[in-house]
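Student: From the sequence below, what's the structure:
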Amino acid sequence: MNKIDWIGWLATVVFLVSYFTKTPVGLRRVQGMAAGLWALYGVVIHSFPVIVANILVAGVAVVSSFRKPSALASPP
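Tutor: So this is what the prediction gives:
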């Protein structure tokens, strides 16, 4: 295994850790970090689809973690 592979493995571990978060905000932020690492991995391996997909996922995850819940999303 080379040094580049370690970025992908680290992204995998961070993503798995997200399942142990206790809040939706924590889940989104940890998954955003994992997607950021996957995007970095995509840059290193020169894979444009991996870069774009994970930048989009990271962006949505992080932005949605700062957004206030909407009134429509709350239970009656």
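Student: List the contacts of stretch 12-30.
Tutor: Residues outside stretch 12-30 that contact it (C-beta atoms under 8 Å, 6 or more residues apart in numbering) are 31, 33-34, 37, 61-62, 64-65. From N, CA and C alone the C-beta is placed, and that goes for glycine too.
Student: are any of the residues you listed buried, and which?
Tutor: Among those, the ones that count as buried by 16 or more other C-beta atoms under 10 Å are 31, 33-34, 37, 61-62, 65.
Student: residues making contact with stretch 57-73?
Tutor: So stretch 57-73 is contacted by 24-25, 28-29, 31-33, 35-36, 38-39 (C-beta under 8 Å, 6+ apart).
Student: Poorly predicted segments of this protein, please.
Tutor: For the chain, the stretches flagged by pLDDT under 70 are 69-76.
Student: that older thread, closest to I55 among the contacts of stretch 57-73?
Tutor: A39 (5.0 Å; C-beta to C-beta).
Student: And the helices in the chain, which stretches?
Tutor: All helices of the chain, identified by DSSP state H, fall at 3-17, 24-45, 48-66.
Student: winner for burial among those?
Tutor: With neighbours taken as mean count of other C-beta atoms under 10 Å, the helices of the chain reach their highest mean count in helix 24-45, at a mean of 19.
Student: tell me the angle of that helix relative to helix 3-17?
Tutor: For helix 24-45 against helix 3-17, the angle by axes from the mean of the first three to the mean of the last three C-alpha atoms, to 10 degrees is 170 degrees.
Student: Next, the angle helix 48-66 makes with helix 24-45.
Tutor: If you take the same axes, to 10 degrees, helix 24-45 sits at 160 degrees to helix 48-66.
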